[in-house]
Structure formats: C-alpha cells, structure tokens
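J.: generate a structure from the sequence data that follows.
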Amino acid sequence: MPDVHTQIRRIFEFLLAASPLLCCAGADAEGDVNFARDVRPLLSNTCFKCHGPDEDGREADLRLDTQEGAYADLGGYQAINPKNPDASVLVERITHSDPDLRMPPPSSGLKLSPAQIELLKAWIKEGGTYDLHWSFRPILRPEVPVEDTAAMHNPIDAFVLKRLQDAGLTLASEADRSTLIRRVYLDLLGLPPDPIDLAEFLADDRPGAYDRMVDGVLANPHYGERWGRHWLDQARYADTNGYTVDSERSMWPYRDWVIQAINSDLSFNDFTIEQIAGDLLPSPSQEQLVATGFHRNTLINQEGGTDNEQFRNEAVVDRVNTTGAVWLGLTVGCAQCHTHKFDPLTQREFYQLFAFFNSSQDVNSVAPTVTVASEMHQEKLKELDAKITEAKAAIAAYEQAINDRAPAAERDDGQPVHWEVITVESANSAAGATFERLGDGSLVVGGVNADHDTYSITFSPPFERLTAVRLETLTHPSLPKGGPGRAGNGNFVLNQIALAVGESNASWLHALADHSQKDYDVTSAIDDNPATGWAINVSSGNANVNRTAEFVLSPLETHSDALAAVTLTFGETPAKYNIGRFRLSVTAAPHAKLNLPDAGKAQLAANLKTLQDERARFAKNLPNAMIMRELEKPRESHVLIRGDFLRKGEAVHADSPAFLPQMADRKQAHNRLDLARWLVNDKNPLTARVTVNRVWGRLFGQGIVETENDFGLQGTPPTHPQLLDWLSSDWMANGWSLKQLHRTIVSSATYRQSSRLRVDAERIDPLNKLISRQARLRVDAEIVRDLALSVSGLLDHRIGGASVYPPQPNGVYAFTQRNASWPTSKGADRYRRGLYTFFMRSAPYPMLTTFDTPRFNTTCTMRARSNTPLQSLTLANDETMLDNSRALGRRLMDQESSDTERIKLAYQICFARVPIQGELDRLLTFVAAQKTSFLADPEGAKAITQMQTGGDKQLAERAAWTIVSRALLNLDEFITRE
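T.: Numbers count the residues shown, from 1 in each chain. From the prediction side, this is the model:
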C-alpha cells in the first residue's frame with residue numbers, strides 16, 4: 001500500500017488540474033510540497049488572522065507566519081516539530097475530535113478539508129521549512145525554456161507553451177487577421193481600425209506586416225488616451241472634490257500630463273518619480289509639478305463645521321494606501337489601525353510610510369497650485385510679451401527724444417529723483433488739532449478730529465526752485481485701525497492740496513499715487529473742486545498700509561528769505577476724514593524725471609496698458625493645476641492609536657518597511673523623492689512585477705497573478721511565475737518602456753491566439769489559467785462610447801483640454817447637494833472621447849457607471865465587469881447612442897449606393913470583417929422591412945431621423961438605416977474585444 005507521502009502526491013497531482021488553490025503555480029519539483037505555493041496560502045487563509053503578524057490580535061502567543069514562531073518552544077511542545085507531524089501541536093489541533101479544541105474553530109466559518117490536512121502533514125514530514133513569500137523575493141531573470149517550435153514568436157511563448165505541454169495542451173491557433181487588427185486597436189487605442197487601415201493590413205502579405213501594424217498603433221497619439229485611462233483609474237482621477245459639497249476642481253491638466261507622458265514613452269521610473277515627487281526634483285519644470293497631481297486626486301471635504309486636520313489626515317492615509325496598492329500591490333491600509341493580520345507590515349511601518357506624505361502644504365484643505373500654460377498658451381504669452389517690450393521701447397525712445405530736445409538743465413541725467421524731507425517751521429490746524437513731530441520728519445495729528453479741517457505746514461525751501469511735492473500718508477498705532485487716516489475705518493479724503501512760496505502760488509500739472517480708491521483718484525486733490533478728493537480703499541484690506549502721492553507743478557522759484565507753505569484741506573465731503581500721520585518732501589528734479597504726461601506719451605502709455613491688461617486677462621484665464629509642495633518645516637509624524645488622528649502614539653520617521661529592501665541611508669530625513677526612487681529601484685521586488693501583471697491583465701482579461709491588487713500572503717500565487725519574472729526583468733532592462741512592454745506582449749503567439757473555446761482544453765483548463773486561448777472581453781465603459789462615436793464619424797479626435805459635458809438624462813444633478821444643471825456641451829465637445837467627460841464624484845456620468853466605471857473615491861487597480869439589462873437599454877436609448885445611429889446611417893448612405901454594399905461597409909466599420917451570407921441576408925430583409933414600415937409612417941421617420949424636410953421615400957430610407965445602425969451598435973460583438 002502506498003505510504004502517506006505517495007498518496008498525498010497523487011491527490012496533489014489530481015488537484016493540480018482542478019483546484020484554484022493548488023494549481024496556480026505548478027510544480028517546480030516533481031510532486032514535492034512547495035511551501036510558498038501550497039502551504040503558505042493555506043495557513044494565511046485559515047490561521048494568520050489569530051496567529052499572524054498582528055501582536056494585538058494574536059492568540060495563545062503563537063505565530064505561524066514565521067518559522068521561528070512555528071518552531072518555538074511553547075513550554076515543552078511545538079506547533080511544528082520538523083519532520084515529525086505526530087509531535088506537532090498544529091496537526092493535533094487541526095485533527096482534534098473536540099470542536100472546542102479543533103482549529104480553526106467552527107465559529108470562524110473556516111474548515112480544512114481532509115486533503116488540506118494531509119498536505120500540511122506531508123509538508124511537516126518533509127521538514128516544515130518556511131520560504132520567503134514569492135513576491136518578496138528578488139526578481140531574477142529566469143532561463144527561457146528551450147522549445148524548438150514554429151509556434152513561438154518570443155520568450156513569452158516558451159514559458160506559456162511549457163505549462164501547456166506539461167498539461168497535454170498547446171497554443172490555440174492564431175486568430176484571423178481581421179480579429180487581430182481589431183484586437184490590437186481596441187487594446188492599445190480603444191478605437192476600431194478604420195476601413196483604410198483594415199484594407200492595408202489585410203493586403204500586406206510582406207513579412208513583418210503584423211509588427212508594422214503594431215508599431216503604427218503604438219505611434220498613434222490615441223495610445224496615450226487609452227493607457228492614460230487605465231492609469232487614471234489608479235490615480236482616482238475626477239473633476240470634483242467629493243463628499244457632499246463636491247465642488248469642481250481643476251485636475252484636467254494632470255490628466256493631459258498622463259496622456260502626453262505615455263505617448264512620449266516616458267520611462268516608468270521617471271513616470272513614477274515625477275508623480276510622487278516631481279516638486280522635489282532640482283528646478284522642477286511646469287510639467288513635473290503638474291505630475292504631482294497624482295496625489296492631489298484625494299477627496300477634499302468643504303462642508304461647514306468639519307475638522308480640517310481630520311480630513312487632511314484622511315487624505316494622507318489615502319496617499320499611503322494608493323501608493324501601496326498601485327506600486328507595491330499590497331493592502332497596506334490593513335495596518336492603519338493595527339499590525340497587518342496577514343502581511344509582514346507593522347502598524348509602525350504604516351506610519352513610517354505615512355510620514356512621507358505628512359508634510360505637504362495643505363492650508364484649510366486648500367492645495368498649492370501652478371498655472372499651466374500649454375504650448376499654444378505659451379506662444380500667445382510670448383507674442384504679448386514681445387508686443388509689450390516693443391511698447392516700452394517706444395515710450396523710452398519718445399522720452400529720450402523729448403529729453404534730447406530739452407535745455408540741459410531740464411534733461412534727465414539718468415539718476416534717481418532726489419526728494420528732500422522738509423524741516424517743518426510750523427504746523428497749524430484750522431480746527432485746533434495738535435501735531436507731534438517724529439524723528440523721521442513725519443507729523444502725527446492728535447486732539448480734535450473736526451468735520452472740516454485745514455492743515456498749514458510751513459518750511460524753508462531746500463532748493464532754489466521746486467518742481468514737485470511728495471505726500472506720504474503713514475500708519476500709526478494711535479490712529480483708528482492704524483490709520484493712516486483719522487476716520488473710523490482708518491481712511492482719509494484729501495480734498496485739496498496747495499503750495500505757496502511767499503506770494504507765489506504753485507500751478508499743479510499732474511498728480512500720481514501708488515494707490516487710489518475708486519472714484520477718489522489722486523488727481524481730484526488738484527482739480528479745484530472741493531467736493532472731490534483723494535482717498536485709499538481700506539475696505540479691501542488696504543488699511544494699515546503706507547501710501548504715497550506725488551504732485552508735479554510748474555517750476556516755482558524760491559527765495560532765501562521766503563517761507564514755503566503746504567496747505568491740506570479736508571472735510572468738504574465726507575466729514576472727519578482727516579489725515580492722521582504724514583510726511584512732506586520736495587524736489588527740484590527736472591520734469592523729464594517726474595513722469596509728467598504729455599499727449600504723445602499718453603497715447604503710447606495707453607497702448608502699453610492695453611497690452612498689459614490683455615496679457616493679465618489671458619494669464620488669469622489660464623488653468624491652474626493642484627500640485628504637491630513640502631512645508632519648510634516638516635510636520636512630526638506619530639503612530640495614530642487605532643488610526644485616530646487625535647490619539648498620537650510614538651513618533652516615527654519616514655522609512656520603508658523592514659521586509660523589503662531598505663532605502664539608502666542619507667544625512668537628511670527621507671522624503672517623497674527617496675520613496676519614489678526606492679519604488680523603482682531594480683532591487684524592489686514588487687513594482688515591476690505588479691505593473692507588468694496589470695498590463696498583462698488588461699491584455700488577457702486577468703493577470704498572471706489574479707489578485708492584481710494583492711501580492712501579499714492573501715493573494716493568489718502567479719500561474720506562470722517564471723514568465724512574470726522574465727517580463728519584469730526584461731522590462732527593467734529595456735528602460736521601463738511601456739511601449740516596449742506592449743510590443744513584446746502583443747507580438748507573442750500567446751497574445752495572437754484565437755479566443756474561441758477549445759474542446760480539448762475545456763476540461764483541463766476551463767478557467768484559462770494556462771492561457772490556452774485568448775480572452776473574449778467587453779470593452780471598458782469609455783470605450784463603449786468611443787467605439788460608437790468613431791464608427792459614426794462623429795468622434796472629435798482632439799487630444800487633451802478641459803473636461804466636457806456630453807448629453808445625459810435630465811435631473812442627475814438634482815440628487816447632489818449642488819443641485820446644479822448639467823451644462824451640455826455644444827458642437828464638437830459633445831462628441832469627445834469618454835476620457836474627457838466631466839466626472840462628478842457624487843453624480844458620475846450615468847452611461848459610464850452603467851458600464852462599471854468606478855466613482856474614483858479611492859484607487860481602482862482593476863475594474864469590475866457586470867452584465868445588466870440597463871446596459872442594453874443604454875445602448876438602445878442613450879441620447880448620444882441615438883446620435884451615433886443617425887450619423888452611422890448617413891455615413892453608410894453617403895458612401896455606398898446599394899443596400900448590400902452598405903451592409904458590407906457597416907461590418908467593416910463596426911466589426912473589421914465582412915458579413916457571412918446569413919448575416920447579409922437577414923439584414924437585407926430587415927432593411928426592406930424598415931423601409932416599408934417608415935413609408936407608411938412619415939411622422940415616425942421624421943422623429944427617428946430628426947429631419948423635417950425631404951420626400952417620404954428619402955425619409956423612410958434614412959430612418960431605416962438609422963434603425964439598422966442602431967441594431968448593429970447594440971450587438972454584443974460591437975462592444976466585445978475578441
């Protein structure tokens with residue numbers, strides 16, 4: 001009778017072909033129990049919750065997630081006694097007849113099958129050795145299996161074919177050319193091939209035709225849109241802030257950066273670094289700052305009464321969880337409140353990762369922004385800047401010409417204007433106010449603040465002539481609001497200013513100030529109208545600010561024996577608006593230096609101002625992008641007890657988890673840039689594997705690791721571990737190029753297989769784990785829309801730009817707090833790709849959610865696929881789909897004259913193939929029936945075509961082809977990638 005080991009081997013060999021638990025990785029030693037493949041998933045699922053890494057949740061002080069814990073002496077016994085299952089308490093407890101002592105306990109809902117129990121016994125008998133979890137091991141480039149077969153196109157096929165042959169299978173036959181080109185276009189562009197591209201590929205019988213087609217697709221700018229959408233899922237990109245208020249945010253520049261980066265094949269390591277820490281690079285460019293919007297896609301709560309610090313912490317936690325999911329493929333969020341129950345990630349290590357993101361600038365939930373100027377915007381700004389430079393040069397030339405014609409004494413010598421603060425001889429107030437002289441030459445007014453007042457200030461002129469007076473209004477603590485005026489709001493109104501030297505009165509030419517309140521321009525102080533005056537605008541935050549005015553006069557000669565007097569008049573309107581502190585200065589500078597306007601210069605200055613205003617308006621309307629930026633002084637980070645931001649535990653510093661390769665030491669504390677570089681270091685075992693696996697999953701329907709978002713102990717092991725490591729190492733060796741990775745995969749015979757079910761593989765590989773055929777997949781929500789727009793001819797092919805508002809059912813916004821109307825886009829914006837549809841988190845676009853677009857409140861690394869009646873109803877009745885049906889019908893009628901040729905063209909456009917005879921016959925019958933029906937119902941024809949003119953026969957034919965097009969767009973084949 002065979003021994004237990006042999007029996008287990010036979011059981012295992014049987015289960016290898018049938019059990020998802022045991023067949024995923026395949027045997028790497030003939031029949032031997034493999035800990036990482038066979039045992040660890042079993043222990044993780046049934047034991048680690050109570051006997052795993054989490055100290056707080058651990059029972060009986062027993063650890064089964066480490067060899068040390070399992071072998072530990074627990075008072076004379078061991079959970080696992082190597083090579084002796086009969087002396088192992090683990091075996092005793094999982095086989096115990098007493099339910100109160102059996103493990104796992106019945107209350108857990110978990111139960112080991114007899115085969116699983118025997119597997120554990122066999123493993124212990126072989127030595128009970130623990131191995132490092134497969135995904136935490138270094139990535140080593142494996143040897144490619146040597147297979148001499150014409151079925152192979154590249155090493156991918158060798159790895160896949162080896163597994164298939166071990167199971168008695170081989171690769172499926174290659175799909176036909178029509179299927180291949182449509183598959184490649186849908187996978188890489190999210191658009192169908194047009195009839196011209198299809199015809200060229202089908203007619204190209206030269207060697208390398210397929211590779212040339214792939215290269216052309218990878219060079220197509222729509223590639224960045226298709227694969228940008230995949231990345232934006234992970235980035236949780238949306239156009240609003242989320243929560244109940246859910247106000248709009250400007251994030252589309254980040255979306256456009258993603259598209260451009262993917263189109264330019266920015267290496268994934270730079271792609272990573274710029275998104276996580278572009279702001280910390282030396283002299284970051286505008287694009288590198290915009291890239292940091294990846295971690296600005298977090299939700300922002302603007303509801304009144306909320307705690308900003310709470311939601312700032314929640315945003316930081318989201319950044320940690322997202323980084324862990326996207327780059328590491330781990331459920332790090334499970335360690336926010338306690339040590340992870342399955343993976344070797346402690347709560348302390350979670351907050352070490354938290355510390356990387358804890359010092360970004362977030363003031364009251366407001367993120368820093370950068371103004372984004374596209375290439376077109378930059379050209380416009382350069383054009384305006386050049387015109388402004390020319391206008392300034394014209395003014396300078398004009399001033400130089402005036403200066404050259406002036407007498408020598410009146411010329412501008414190029415030196416700054418010299419202002420002399422007057423030495424006050426006397427200061428008097430008509431209303432009896434007092435004056436205090438300060439050391440800086442200024443006067444502080446005190447005492448009575450009358451409704452009307454006139455200040456008279458006398459001084460000995462310091463120059464032989466005076467050409468201007470400068471009045472500085474200054475703040476002071478004794479004044480209301482700090483002044484500089486004595487009015488209750490700190491303002492003043494200077495109705496008139498006058499200057500006299502002896503018996504000679506000044507004649508004012510011009511006045512200018514660094515600030516004037518609206519309707520109270522400084523020129524009002526010299527207009528001889530007592531009802532007007534100069535004031536400053538304190539209502540907009542300009543109180544407590546010093547202000548300066550300069551008053552230019554016709555040169556006034558002075559005399560050594562004559563005093564000069566400045567008179568300041570207040571209170572004509574309004575009352576009590578007197579100046580509280582001021583200082584007077586005079587100059588003898590020539591007018592050429594005093595900005596004295598003249599008609600010629602005024603015209604030039606007006607032109608300059610017009611250009612400057614135009615530039616300011618243009619710059620103001622440029623989009624802003626939310627970005628990451630560090631605080632000058634980092635915040636302290638702590639372990640948050642039970643994840644509560646109010647309960648701070650021990651202090652922690654930014655660092656990587658201990659179970660992964662450590663960051664390079666440096667003198668300064670680690671920051672986000674260190675984290676980004678660590679993520680894409682070739683010694684990191686996760687990033688390349690996780691990313692390659694996601695790319696594979698998008699192209700085959702499921703990843704080599706089925707749990708794309710969990711490479712930890714609870715995740716499924718890879719079906720083809722050596723293939724995953726070969727792809728990962730090859731990708732890094734090729735500069736982390738996404739296009740090269742795509743080229744490698746889609747060029748393989750594995751990718752080019754037919755997706756038809758195989759009778760010979762149905763029993764052995766029913767779930768296609770061995771990749772015995774291609775997958776048949778419904779396209780993503782946005783692509784459903786894009787396909788219909790493309791085949792109808794309505795699609796607007798522009799790349800990038802602000803989000804748009806295609807038609808949607810009325811009242812969707814009524815369910816949100818904003819209760820706003822949907823501003824349906826007009827013209828070409830109505831027909832842009834789904835990627836550009838405005839996405840409101842609290843009320844996402846209905847057509848997209850019907851086809852499983854997530855809400856993007858958190859990262860989405862793998863979309864769900866559902867099948868519901870609503871999807872069929874949407875395809876039949878959505879307003880945009882009806883537009884597409886009408887447009888496709890027009891396209892078919894415009895391009896072909898006979899019904900037969902129109903049907904053939906429709907199949908080329910929609911399915912990249914020719915119809916079989918049965919399809920052609922049925923559609924010809926259907927078209928004829930529709931024409932007859934609409935001839936008898938002209939009003940129905942008008943309604944379906946939205947045409948009010950034309951003969952009944954023309955309308956009937958147009959309506960018939962609209963209905964035929966509608967039927968074609970509703971076929972499962974149309975929205976399916978074969």
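J.: identify the residue nearest Ala498 in space, chain neighbours excluded?
T.: In space, not counting the residues next to it along the chain, Ala498 is nearest to Thr567; the distance is 4.3 Å by C-beta to C-beta, 6 or more residues apart in numbering. Placement of C-beta: from N, CA and C, glycine included.
J.: quick one: stretch 341-355 to chain centroid distance?
T.: Average the C-alpha atoms of stretch 341-355, do the same for its chain, and the two points are 26 Å apart (C-alpha atoms, centre = their mean, to the nearest Å).
J.: with stretch 334-350 instead?
T.: In this view, stretch 334-350 has its centroid 27 Å away from the chain centroid, taken as C-alpha atoms, centre = their mean.
J.: for stretch 104-118, same thing?
T.: When distances are taken as C-alpha atoms, centre = their mean, stretch 104-118 is centred 45 Å away from the chain's centroid.
J.: repeat for stretch 926-942
T.: Between the mean C-alpha position of stretch 926-942 and that of its chain there is a distance of 49 Å (C-alpha atoms, centre = their mean).
J.: and it, what's buried?
T.: Under the neighbour-count criterion of 16 or more other C-beta atoms under 10 Å, stretch 926-942 has Val927, Gln930, Lys931, Phe934, Leu935, Asp937, Pro938, Ala941, Lys942 buried.
J.: list the residues that contact the fourth one.
T.: When contacts are counted by C-beta atoms under 8 Å, 6 or more residues apart in numbering, Phe934 touches Gly940, Ala941, Ile944, Leu955, Ala956, Ala959, Ala960.
J.: out of everything not next to it in sequence, what's closest to the fourth one?
T.: Leaving aside its chain neighbours, Leu955 sits nearest to Ala941 (4.1 Å; criterion: C-beta to C-beta, 6+ apart).
J.: over to that neighbour: give its phi and psi.
T.: Recorded main-chain torsions at Ala941 are phi -60, psi -40, according to degrees, to the nearest 10.
J.: output the contacting helices and strands for the longest strand along the chain.
T.: Taking DSSP state E as the criterion, the chain has its longest strand at strand 547-557. Contact here means 3 or more C-beta pairs under 8 Å, 6 or more residues apart in numbering; DSSP states H and E; on that basis strand 547-557 packs against strand 465-473, strand 494-501, strand 508-513.
J.: walk me through the domains of this protein.
T.: Segmentation of the chain into domains, based on automatic domain parsing, reads 4-131, 272-294+309-370+623-684, 418-588, 879-977.
J.: circling back to that earlier point, show me the contacts for the residue nearest to Leu955.
T.: When contacts are counted by C-beta under 8 Å, 6+ apart, Ala941 is found next to Phe934, Met947, Asp952, Leu955, Ala956, Arg958, Ala959.
J.: related to what we said a few turns ago, looking at the contacts of Phe934, which is nearest Ala864?
T.: Ile944 (34.5 Å; C-beta to C-beta).
J.: and that closest one, how many residues sit next to it?
T.: Under the neighbour criterion other C-beta atoms under 10 Å, Ile944 is assigned a count of 22.
J.: for it, give me its contacts.
T.: Arg886, Phe934, Ala959, Thr962, Ile963.
J.: show me which pair in the residues you listed is furthest apart.
T.: With C-beta to C-beta as the measure, no two of the contacts of Ile944 lie farther apart than Arg886 and Phe934, at 13.6 Å.
J.: please name the nearest non-neighbouring residue to Thr339.
T.: Asp54 (4.2 Å).
J.: phi, psi of the one you found?
T.: According to degrees, to the nearest 10, Asp54 has phi -70, psi 110.
J.: keep only those of the contacts of Ala941 that are in strands.
T.: When strands are assigned by DSSP E, not one member of the contacts of Ala941 lies inside them.
J.: so can I have TSV of the residues you listed showing distance to Arg183 and pLDDT?
T.: Converted to TSV, those look like this (distance: C-beta to C-beta, whole Å; pLDDT from 0 to 100):
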residue	distance to Arg183	pLDDT
Phe934	37	95
Met947	37	87
Asp952	43	85
Leu955	39	94
Ala956	38	95
Arg958	33	96
Ala959	34	96
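J.: which of these count as buried?
T.: If we count by 16+ other C-beta under 10 Å, the contacts of Ala941 have these buried: Phe934, Leu955, Ala956, Arg958, Ala959.
J.: of all those, which comes closest to Ala60?
T.: Using C-beta to C-beta, Ala959 comes nearest to Ala60 of these, at 75.9 Å.
J.: from Ala788, how far off is the closest one?
T.: 19 Å (C-beta to C-beta, to the nearest Å).
J.: with Asp514 instead?
T.: As defined by C-beta to C-beta, Asp514 lies at a distance of 60 Å from Ala788.
J.: more neighbours, those two?
T.: When Asp514 and Ala788 are compared on other C-beta under 10 Å, the one with more neighbours turns out to be Ala788, at 27 against 13.
J.: pull the contacting residues for that one.
T.: Taking C-beta under 8 Å, 6+ apart as the criterion, Ala788 is in contact with Thr880, Met881, Asn884, Leu969.
J.: just put these in a markdown table and tack on pLDDT and distance to Thr458.
T.: As requested, those are exported to a markdown table (pLDDT from 0 to 100; distance: C-beta to C-beta, whole Å):
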| residue | pLDDT | distance to Thr458 |
| --- | --- | --- |
| Thr880 | 93 | 81 |
| Met881 | 95 | 86 |
| Asn884 | 97 | 86 |
| Leu969 | 97 | 91 |
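J.: stretch 135-149: end-to-end distance?
T.: 31 Å (C-alpha to C-alpha, to the nearest Å).
J.: repeat that for stretch 445-454.
T.: Distances were taken as C-alpha to C-alpha; on that basis the terminal residues of stretch 445-454 are 12 Å apart.
J.: what do you get for stretch 494-514?
T.: Terminal residues of stretch 494-514 lie 15 Å apart, using C-alpha to C-alpha.
J.: likewise stretch 828-845?
T.: Taking C-alpha to C-alpha, stretch 828-845 runs 18 Å from one end to the other.
J.: equivalent analysis for stretch 825-833, please.
T.: Distance between the boundary residues of stretch 825-833 (C-alpha to C-alpha) amounts to 13 Å.
J.: what do you get for stretch 626-639?
T.: 28 Å.
J.: can you pull the buried residues of it?
T.: For stretch 626-639, burial by neighbour count (16+ other C-beta under 10 Å) applies to Met626, Ile627, Met628, Arg629, Glu630, Ser637, His638, Val639.
J.: pLDDT below threshold where in the stretch 851-978 of the chain?
T.: Applying pLDDT under 70 to the predicted model, the stretch 851-978 of the chain contains no residue that meets it.
J.: kindly apply the preceding question to the stretch 101-250 of the chain instead.
T.: Counting by pLDDT under 70, the stretch 101-250 of the chain contains low-confidence residues at 148.
J.: how about a cut-off of 80?
T.: 146-151 (pLDDT under 80).
J.: TSV please, covering the helices and strands packed on strand 547-557 and showing distance to Val33.
T.: TSV is the format used below for these (distance: least, C-beta to C-beta, whole Å):
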stretch	distance to Val33
strand 465-473	90
strand 494-501	96
strand 508-513	89
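J.: lowest-confidence stretch among these?
T.: Here the helices and strands packed on strand 547-557 differ in mean pLDDT, and the lowest is strand 508-513 at a mean of 87.
J.: what angle do strand 547-557 and it make with each other?
T.: Interaxial angle of strand 508-513 relative to strand 547-557 (axes from the mean of the first three to the mean of the last three C-alpha atoms, to 10 degrees): 160 degrees.
J.: name every strand pairing with strand 508-513 and say which way it goes.
T.: Applying DSSP bridges to the sheet, strand 508-513 is found paired with strand 547-557 (antiparallel).
J.: starting at the chain centroid, how far to the strand it pairs with?
T.: Chain-centre distance of strand 547-557: 56 Å, with C-alpha atoms, centre = their mean.
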